[in-house]
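Trainee: got a predicted structure here, sequence first:
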Amino acid sequence: MRRLQLASVLLGAGLLVSLASCDKNALSEQDSTVMTADELSLVKAAGFNSLWAEKHQGGYLIEGDIYLTKTQLQDLASTPLTHNFIVGDEEHYRTNYIVSTPATGVRTITVRLTDGFPAYYSTGLDNALARYNTYTDLKINFLRVSTGGDIVVTAADLGTSGGGCILGRASGFPTSSGDPSSGFTLSNSSCATTYLNTVDKVDEVVAHEIGHCIGFRHTDYKRRNSCGPGAGESAGSIGAIHIPGTPTNVSGSYNSWMMACTNGSPLFNDDDVIALREVY
Ligand SMILES: [Zn+2]
């Protein structure tokens, strides 16, 4: 089984991953999910597949797992693309901004799970944080908190898209001031919790979304090979910088916690650890 989209294509369950914070107030129009010609042109100009886009909850669901507002699309369409270091299809990439860390010591990133989730989600989060914290040589670590939190995981019914169940929606990447993204939403709809029905699956999705929050892009962002045939993502203005030391030439099956579509395994592979250690 390939990765859950994070895996609308193969599993009928899409995890909606935003490229930047979602400002639902940026749009005031459209009730229909049908895209106008102008909107399709905008999607294309922003570097995405205009054949796989629809209106959704005040913004646009693009390529099954990217959620952007019109303002964000306009920004991407008007911003010169970041220089890419594309050699292979499955290198690891980070955004231009990452979480700032102290010269000495470790920065602790706090994470809170809000109410509204099945109990095993809590265990899944704990396991994800524990796996990151296994790598004690990193300049970051993670601490679960019950109030506040740098990264907040919220529950909401995200509904469906194109007949697929939306599993979640990231709220972006690190800020220009070096803070992690403020968190992400996981859907608590019945279709989402039916799919994310084990601790390991929750662990995997949480670890992946935290990866975005601290600046990792999809390992296969260029072509999204893990999701099967379809379009890739754009480097856009957030950047897609190759992480040195990660593979530029991969053959056969390949596994990474930041593949666009999941394979059901929550584990970091060796190259994931290289990427974590290189960035942090
Ligand atoms: Zn993702």
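Mentor: Right, received. Where do you want to start?
Trainee: would you map the strands across the stretch 101-250 of the chain?
Mentor: For the stretch 101-250 of the chain, the strands defined by DSSP state E, counting those that start in this stretch cover 107-113, 140-144, 151-156, 160-161, 164-170, 183-187, 241-242.
Trainee: got JSON lines for the ones you listed, with mean neighbour count too?
Mentor: In short, each C-beta sits where N, CA and C put it, glycine included. Formatted as JSON lines, the strands of the stretch 101-250 of the chain follow (neighbours: other C-beta atoms under 10 Å):
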{"stretch": "strand 107-113", "mean neighbour count": "19"}
{"stretch": "strand 140-144", "mean neighbour count": "17"}
{"stretch": "strand 151-156", "mean neighbour count": "20"}
{"stretch": "strand 160-161", "mean neighbour count": "19"}
{"stretch": "strand 164-170", "mean neighbour count": "27"}
{"stretch": "strand 183-187", "mean neighbour count": "25"}
{"stretch": "strand 241-242", "mean neighbour count": "18"}
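Trainee: quick check: which of these is nearest to the ion?
Mentor: strand 164-170 (6.5 Å; C-beta to the ion).
Trainee: output the contacting helices and strands for that closest one.
Mentor: Applying 3 or more C-beta pairs under 8 Å, 6 or more residues apart in numbering; DSSP states H and E, one finds that strand 164-170 contacts helix 8-11, strand 13-18, strand 183-187, helix 190-195, helix 199-213.
Trainee: how far off centre is that strand?
Mentor: 11 Å (C-alpha atoms, centre = their mean, to the nearest Å).
Trainee: strand partners of it, parallel vs antiparallel please.
Mentor: Strand pairing for strand 164-170, using DSSP bridges, gives strand 13-18 (parallel), strand 160-161 (antiparallel), strand 183-187 (antiparallel).
Trainee: circling back: export the strands of the stretch 101-250 of the chain to JSON lines and tack on distance to residue 223 and mean pLDDT?
Mentor: Output for these, formatted as JSON lines (distance: least, C-beta to C-beta, whole Å; pLDDT from 0 to 100):
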{"stretch": "strand 107-113", "distance to residue 223": "30", "mean pLDDT": "98"}
{"stretch": "strand 140-144", "distance to residue 223": "29", "mean pLDDT": "98"}
{"stretch": "strand 151-156", "distance to residue 223": "28", "mean pLDDT": "95"}
{"stretch": "strand 160-161", "distance to residue 223": "21", "mean pLDDT": "74"}
{"stretch": "strand 164-170", "distance to residue 223": "20", "mean pLDDT": "76"}
{"stretch": "strand 183-187", "distance to residue 223": "24", "mean pLDDT": "90"}
{"stretch": "strand 241-242", "distance to residue 223": "15", "mean pLDDT": "84"}
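Trainee: so where's this protein uncertain?
Mentor: 1-33, 47-49, 63-66, 79-90, 162-163, 171, 228-231, 248-254, 262 (pLDDT under 70).
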